[in-house]
Each structure stands twice: as structure tokens, then as C-alpha cells.
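J.: Next input, structure requested:
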Amino acid sequence: METIGNVWLWAGFSGLVLLALVADLLLMRHGGAHKVTFKEAAWWSMGWVALALLFNLALWWYVGQSAGPEEARRIGLEFLTGYLVEKALAVDNIFVFLMLMTYFAVPEQLRQRVLVIGILLAILLRAILIFAGAALLAQFHWLLYVFGAFLLLTGAKMWSAAGEEPDLGKNPVLRWMTTHVPFVRRYHGNAMWLGRGSRRRFTPLFIVVVMIGITDVIFAVDSIPAIFAITLDPFIVLTSNVFAVLGLRAMFFLLAGMAERFHLLPYGLAVVLVFIGAKMLLVDLYKIPVLWSLGVVGAILATTIALSLARPARAAAD
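T.: Residues are numbered from 1 along each chain as shown. Next up is the predicted model:
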């Protein structure tokens, strides 16, 4: 697998992520269990975005010093485009997370804990998927066409399902867990389970955490092929994914009360997936420049958000 990632870049990235996670966890613990306000979520969201952009700037500088300005520009654009795509597709995760929280009536003061554990699990599982995908693509180039066709079908399916509320009661994983996992019906503070050994009973908090991790992996099956259409470098794929996922907790509280205001966004995400799928299918005929991809994805998302705000959901229904 060809990659710009060397020992120093991997070490710097890992150290930065660990440091950010420790700081995040310490600040969350210091604040105690509480309902996250919109202002607090906005500051955290801006902080995570700023951290991703600073990492991209450092990466651009480092590559520029070692491989020249043209290579630095390419790598910087690939990271930024991948980050934007993953961040946009993560919005769908947020809405499903919100439905899970509502379905299990998770208390407001426990939602931070649920999201932090779920996101840590998601990062681990995504890393496994990314390295497996990169290894397969390095050996079997034709898988690009499979990924491209998959993204086209996923985009079409997302478009047709836009506006419909997912029925969590019919989710096979959730149904299996609630019928096979011994659990109690009410929350017991921060506890994931009660008792030991054969007497162990899981709380609803445990089920919600597991479902958030599984849900993110299901969405990753769509989003990871999408970023492989932008770059095949596993370092760029993983770093842009991780930085997008790190901001999910803050973005959840930021968008929790705004789901209806962005009611047209699923249509925009569907178009983005179709565009990226087509880009992947055309890779051997015409390689669309990364800057064009960034412009198209940004224009689609900006247009969808603007139309959502200009035409609220109720007005659209009328």
C-alpha cells in the first residue's frame, strides 16, 4: 500500500488524538454528568473542526518540506475533501443516534457518556475496516468498481428513503439484543451492568452504547468506500475518518434540536454518494481532480442546507 504515512506521521497523529481524547474526557469528568447546552456543543464543535484543520495544515507543511509544494497541495486537498465527506455523512449517524436515545429514554445527563464510549468503539472498528479495505484494494483493483456500484445503489436507496422515519423496533440487531441479553428495564446511574457472573444483568445504557457502535459501523460501510474514491492512501483515509468521528459527540448536541431544519440534507447526501460512486467507476477513464470533488461536494451540501432553511419541513409538506 502506497502511503505518505511514516513512523513520525503515525506517531504524531496518534499522540494528538490521544491527547485530545484525554483532555476531552477530563473536561467532561470535571463538568460531571449534565445536560449539554447548545452553546457548549457549539464551542466543542468549533474546537474539533479547528483541530482537524490544524492537523491538515501541519500535514501540508510537513509534506511540502519533504516532497514539494505540489504533493503537499494534493495531500492537503485529499484530507480536506475526505474530512468534509465523512463529516457530512456523519450527520445521518447523528439523527439515528438521536432516535436511539429517544427510543431508550436515555436521561440527558447520561448522553455524553453513551456517546463517548460509542465513539471510541466506532474509531476502533473503523480503523479495522479501513486497513482491511486498503489491503484488499492494493491487491484487487477491480474492487474499486464494486465500491463505486455499491455507492450508486446506496445513494439511490438513501434518496428513496429520505423523509421516512426508521423503525427501530424492526432492527434485527436491537431485537436480538433485547430478547437474548439479560437486562434490567431501568437505568442505574452510569452502570452498564449489575451483578457478576451468571447473575449479571445489563442496563439499557449498555444496549444503547453497543447499538451506537454498530450503527456507526453500518454507516461506515457506506462512508469508507466513499473516501477511497478520493484517495487510496490509508493514512489520509484513517486520519480524516477519525477527525470526523471525534466531533460526533459535540455535533450530536449541536444538531439534536435541529433535525427538522435540515430535512432536505438526506437528499444532498444521496447525491454526494452518487457523485462519488460515479467518480470511482470512472477512475480508469478520467480521474476527476480532488479540487473539483471538493467543490462539488461543498456545493451540494451548501445548496441542500440553504434549501432546507429557506423551505422548512412543514411548508414543504403543505
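
J.: pLDDT below threshold where in the stretch 151-300 of the chain?
T.: Low-confidence segments of the stretch 151-300 of the chain, defined by pLDDT under 70, span residues 163-171, 222, 256-260.

J.: Strands along that one, start to end?
T.: Along the stretch 151-300 of the chain, counting by DSSP state E, counting those that start in this stretch, strands occupy 193-194, 201-202.

J.: what's the most buried one of these?
T.: Comparing the strands of the stretch 151-300 of the chain by mean neighbour count (mean count of other CB atoms under 10 Å), strand 201-202 comes out on top with a mean of 16. All C-beta spots, glycine's among them, are computed from the backbone N, C-alpha and C.

J.: which residues are in contact with that strand?
T.: 181-184, 192-195 (CB atoms under 8 Å, 6 or more residues apart in numbering).

J.: wait, which of those is closest to Thr231?
T.: Met192 (37.4 Å; CB to CB).

J.: The closest one contacts Ile207, doesn't it?
T.: No - applying CB atoms under 8 Å, one finds Met192 not in contact with Ile207, separated by 9.5 Å.

J.: Now do the contacts for the residue nearest to Ala52 when sequence neighbours are not counted.
T.: In this structure, Ala52 finds its nearest non-sequential neighbour in Phe243, 3.9 Å apart by CB to CB, 6 or more residues apart in numbering. For Phe243, the contact set (CB under 8 Å, 6+ apart) comprises 48, 51-52, 55, 83.

J.: Next: Leu80.
T.: If a contact means CB under 8 Å, 6+ apart, then Leu80 has 56, 294 as its contacts.

J.: so how far is Leu18 from it?
T.: Relative to Leu18, Leu80 is positioned 23 Å away (CB to CB, to the nearest Å).

J.: what's the answer for Glu108, then?
T.: Taking CB to CB, one finds Glu108 at 28 Å from Leu18.
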